[in-house]
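S.K.: Need a 3D model of the following:
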Amino acid sequence: MRTKRITTVLSIGAITGFILGFGVSLRFIIANRYIQYKMFRLVVFSLQESLSRWALLLIIWSFVVFVLVLLPPLIARLIWKSLLSDTIEVHVKDEERLWKVLSACLICPAFFLYGGWAINHYWLPHRFHPISLLSDVGILVFTMFLGWILLKANWEKVFRFSRRIAFILVIVLLILNLCVLIDSKIGLPKGPNVILIMVDTLRADHLSCYGYSRNTSPIIDRLSGDSVLFRNAISAAPWTTPSIASIFTSQYPAQLGYEDQPVVLGTESLTLAEIFREYNYSTKGIISHVYISQELGFDQGFDSYDEDNARGHLHISSPSVTRKAISYVENQKNDRFFLFLHYFDPHYSYMLHERYNYCPDYNGPLQSGLPIRELRKEAPDMSTDDIAYIKALYDSEISFTDKYIGDFLDKLKELGLYENTLIVFTADHGEEFLERGDYWIGHTKKLYQEQIHVPLIMKLAGDNKQEIMEEHVGLIDLMPTIIDCADLSIRNEYGCEGDVVDLGDGRQQRSEIIISETRRWATLQSLIWKGWKLIYDPTAGSRELYNLTNDPAESKNVVMENEEVLREMETILQDWNDRIALGKARTKGRQPAFTEEQKERLRSLGYLR
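M.R.: Here you go, the predicted structure:
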């Protein structure tokens, strides 16, 4: 009888956990639109992970409840019977009352745990999913109903049926886990390993392979010699969160709900990592900035997402990022993987690394590591030498990061992974150093080339010859291009905004429009088309037009001399705005729940005022 009691308790816990796990998984699958996008392996992964986690959690909780609630009274009764009389019988109602208490202890925590999660999820929704909401309500009602049944139940029948049902569910769960295990062994990806290396705040024209006078990047230069080098790659935004979100999803920042603050990346957007996971790749992210953290939804699709180096502007992260990356590839060298590496050191505050001191004779008032707010405060009084010193610090950071990227690439070669790995090197945005006469240092609020022209280098798997691509391309094209180069595919149901870039002819000329935008401390849109660039301020109604072919530094606004080009580009931009507004209505995204420590780091970086 004692064995029946404990097995019944554990069976009820398993059933409850199975129900809640299925509900959580169902909501996750619906919110991520996996069935709509035909990502069926991710559907199975979600079910397997959620059912296993919740079933185990409730079985453990059931055992704890049994030990704390039911076992002590039973022991007390045994002692009472042995001391007084073997003829004393335990009243049936007392036994029933104990089981009702047990039922309440099992069901109520599960109900409130899931109910609290659902209320928190819908309190500030990113987007309203009526089907998902109905599924959550259904799970809550069913949990209440299950609790009511257990409170009213004939426990002899509960003994019989709960164990049978739990046995069947456990067998189903074991079969599901076994199928996932078998799939991981036989459903191996056919494409190459893929590594996406991103250096935060790295402008293209400060790399030697892009013509910079200072030899800041010998390792990246060497990588470019084995790769397709894009001379004119353009970011979708001049600050981190919307730019990387656009790279991950091939959607414009406006479609993702970005305005002046970072918002949580919506689950309905399919990410690069999710696609690789659908094809059975191991996925790993190693990042160093809180603005692409798990709280903001950037971990979607990653098996593991390491945020240990997101420690603020004074933390030197490149050695640790490289060390973690090397450890990962050593462990995964026999499996297919997608690895995202995010380096942060070139971002302000600009630090001097003595090995890369490009301004040793400077003796002015500025020094290494000054906060960005202080630099901006001093900007109106800066001399030419002061500005040169800031750029030298920035270049020192680039060379320092370049060295550690080299350590990682050397490890790939040592492990025999370099040749047949697709390696993509890029940046989220650039940096401005007082080029525009308004004493601005940094990024976020302008769309001139120094803030959105970024490096893009792609070393194709099995092809180590250099190709130069002169045409303008947008980083919004990067996701579909990476997937294509890895011999994978994206279902048409998703609808990437970017296109696969044809890497076969570096001299081809495309008429693709490239849109960049910012709503952070300014509202601006830019359009690059056929060598022309239009910068439009919808708030002020102002327009700037530049001929990038003849004037890559954007030094002369030729809006008055080219009215026909202006009208045509305004029409293109207006059509784009209308299409974005009609296709996916802009909604204000859900705000992240940053801790006070994270907020303080963001203030020190100049992101929060």
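
S.K.: Give me the spatial nearest neighbour of residue 554, chain neighbours excluded.
M.R.: Closest residue to residue 554 in three dimensions, ignoring its sequence neighbours and counting by CB to CB, 6 or more residues apart in numbering: residue 546, at 4.5 Å. In this view, the C-beta of every residue, glycine as well, is placed from N, C-alpha and C.

S.K.: So that neighbour lies in a strand, does it not?
M.R.: Yes: with DSSP: H, G, I helix; E, B strand; the rest coil as the criterion, residue 546 is assigned to a strand.

S.K.: residues touching it, list them.
M.R.: Under the criterion of CB atoms under 8 Å, 6 or more residues apart in numbering, the contact list for residue 546 reads 532, 533, 535, 554, 556, 557, 558.

S.K.: Identify the bridge partners of it.
M.R.: residue 533 (DSSP bridges).

S.K.: Look up how far residue 563 lies from it.
M.R.: Residue 546 sits 15 Å away from residue 563 when distances are taken as CB to CB, to the nearest Å.

S.K.: Any regions of the chain where pLDDT drops low?
M.R.: Filtered on pLDDT under 70, the chain yields the residue ranges 1-5, 65-160, 505-511, 583-609.

S.K.: out of everything not next to it in sequence, what's closest to the residue nearest the centre of it?
M.R.: Of all residues in the chain, the one closest to the mean position by CA atoms, centre = their mean is residue 298, 1.6 Å from it. Setting aside the residues directly before and after it, residue 298 is nearest to residue 292 in space (CB to CB, 6+ apart), at 4.4 Å.

S.K.: what's near enough to touch the one you found?
M.R.: 240, 241, 244, 298, 342.

S.K.: And the furthest pair within these?
M.R.: Across the contacts of residue 292, the two members that end up farthest from each other (CB to CB) are 241 and 342, 12.2 Å apart.

S.K.: My guess is residue 515 contacts residue 472. True?
M.R.: No: because the distance of 11.6 Å does not satisfy CB atoms under 8 Å, residue 515 is recorded as not touching residue 472.

S.K.: wait, residue 539 sits on residue 523?
M.R.: Yes: here residue 539 reaches residue 523: they are 4.9 Å apart, a contact under CB under 8 Å.

S.K.: CA atoms only: put stretch 438-457 into PDB for me.
M.R.: Included here for stretch 438-457 are C-alpha records, laid out as PDB according to Å, rounded to 0.1, in the frame of the first residue of the first chain:
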ATOM      1  CA  ASP A 438      28.900  69.400 -34.900                       C
ATOM      2  CA  TYR A 439      31.400  67.900 -32.400                       C
ATOM      3  CA  TRP A 440      29.800  64.500 -32.300                       C
ATOM      4  CA  ILE A 441      31.900  61.400 -31.300                       C
ATOM      5  CA  GLY A 442      30.300  58.000 -31.500                       C
ATOM      6  CA  HIS A 443      27.300  56.600 -33.400                       C
ATOM      7  CA  THR A 444      23.500  56.100 -33.200                       C
ATOM      8  CA  LYS A 445      22.000  59.300 -34.600                       C
ATOM      9  CA  LYS A 446      23.400  59.800 -38.100                       C
ATOM     10  CA  LEU A 447      23.400  57.900 -41.400                       C
ATOM     11  CA  TYR A 448      26.600  59.200 -43.000                       C
ATOM     12  CA  GLN A 449      29.000  56.600 -44.300                       C
ATOM     13  CA  GLU A 450      31.300  56.700 -41.300                       C
ATOM     14  CA  GLN A 451      28.500  55.300 -39.200                       C
ATOM     15  CA  ILE A 452      26.900  52.700 -41.600                       C
ATOM     16  CA  HIS A 453      29.700  51.700 -44.000                       C
ATOM     17  CA  VAL A 454      31.000  48.400 -42.500                       C
ATOM     18  CA  PRO A 455      33.500  45.700 -43.500                       C
ATOM     19  CA  LEU A 456      32.100  42.500 -44.900                       C
ATOM     20  CA  ILE A 457      34.400  39.600 -45.700                       C
END
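
S.K.: buried sites along that stretch?
M.R.: 440-457 (16 or more other CB atoms under 10 Å).

S.K.: What is the burial count for residue 240?
M.R.: The criterion is other CB atoms under 10 Å. On that basis, residue 240 has 27 neighbouring residues.

S.K.: Can you show me the strands along the protein?
M.R.: 193-199, 228-234, 282-286, 304-306, 337-343, 421-427, 432-433, 441-442, 453-459, 467-474, 514-518, 524-529, 532-537, 542-547 (DSSP state E).

S.K.: How far does the fifth one sit from its chain's centre?
M.R.: Relative to its chain's centre, strand 337-343 lies at 11 Å (CA atoms, centre = their mean, to the nearest Å).

S.K.: just checking, what packs against it?
M.R.: Based on contacts counted as 3 or more CB pairs under 8 Å, 6 or more residues apart in numbering; DSSP states H and E, the elements that strand 337-343 packs against are strand 193-199, helix 272-278, strand 282-286, helix 318-332, helix 384-414.

S.K.: Can you lay out these as a markdown table showing mean neighbour count and distance to residue 40?
M.R.: Supplementary listing: those in a markdown table, determined by neighbours: other CB atoms under 10 Å; distance: least, CB to CB, whole Å:
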| stretch | mean neighbour count | distance to residue 40 |
| --- | --- | --- |
| strand 193-199 | 24 | 21 |
| helix 272-278 | 24 | 8 |
| strand 282-286 | 23 | 17 |
| helix 318-332 | 18 | 24 |
| helix 384-414 | 20 | 32 |
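
S.K.: Of the contacts of residue 292, which is the nearest to residue 163?
M.R.: When the contacts of residue 292 are ranked by distance to residue 163 (CB to CB), residue 298 comes first, at 43.6 Å.

S.K.: List the contacts of the closest one.
M.R.: Contacts of residue 298 were listed using CB under 8 Å, 6+ apart, and they are 244, 245, 248, 265, 285, 287, 292, 305.

S.K.: and what of residue 366?
M.R.: Contacts for residue 366 (CB under 8 Å, 6+ apart) come out as 375, 378, 382, 386, 389, 390.

S.K.: Swap in 6 Å and give it another go.
M.R.: Under the criterion of CB atoms under 6 Å, 6 or more residues apart in numbering, the contact partners of residue 366 comprise 386, 389.

S.K.: again, but for residue 470
M.R.: Contacts of residue 470 (CB under 6 Å, 6+ apart): residue 231.

S.K.: Can you list the residue ranges for helices in the stretch 151-300 of the chain?
M.R.: Counting by DSSP state H, counting those that start in this stretch, the segments of the stretch 151-300 of the chain that form helices are 155-186, 218-224, 240-249, 272-278.

S.K.: Can you tell me which of those is packed in deepest?
M.R.: Neighbour counts (mean count of other CB atoms under 10 Å) averaged over each of the helices of the stretch 151-300 of the chain peak at helix 240-249, with a mean of 28.

S.K.: Using CSV, list the CA coordinates for that helix.
M.R.: As requested, the backbone C-alpha atoms of helix 240-249 are provided in CSV (Å, rounded to 0.1, in the frame of the first residue of the first chain):
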residue,chain,number,x,y,z
THR,A,240,23.9,47.7,-32.2
THR,A,241,20.5,46.3,-31.4
PRO,A,242,18.5,47.0,-34.5
SER,A,243,21.5,46.4,-36.8
ILE,A,244,22.3,42.9,-35.4
ALA,A,245,18.6,42.1,-35.2
SER,A,246,18.3,43.0,-38.9
ILE,A,247,21.3,40.7,-39.7
PHE,A,248,19.8,37.8,-37.7
THR,A,249,16.3,38.1,-39.2
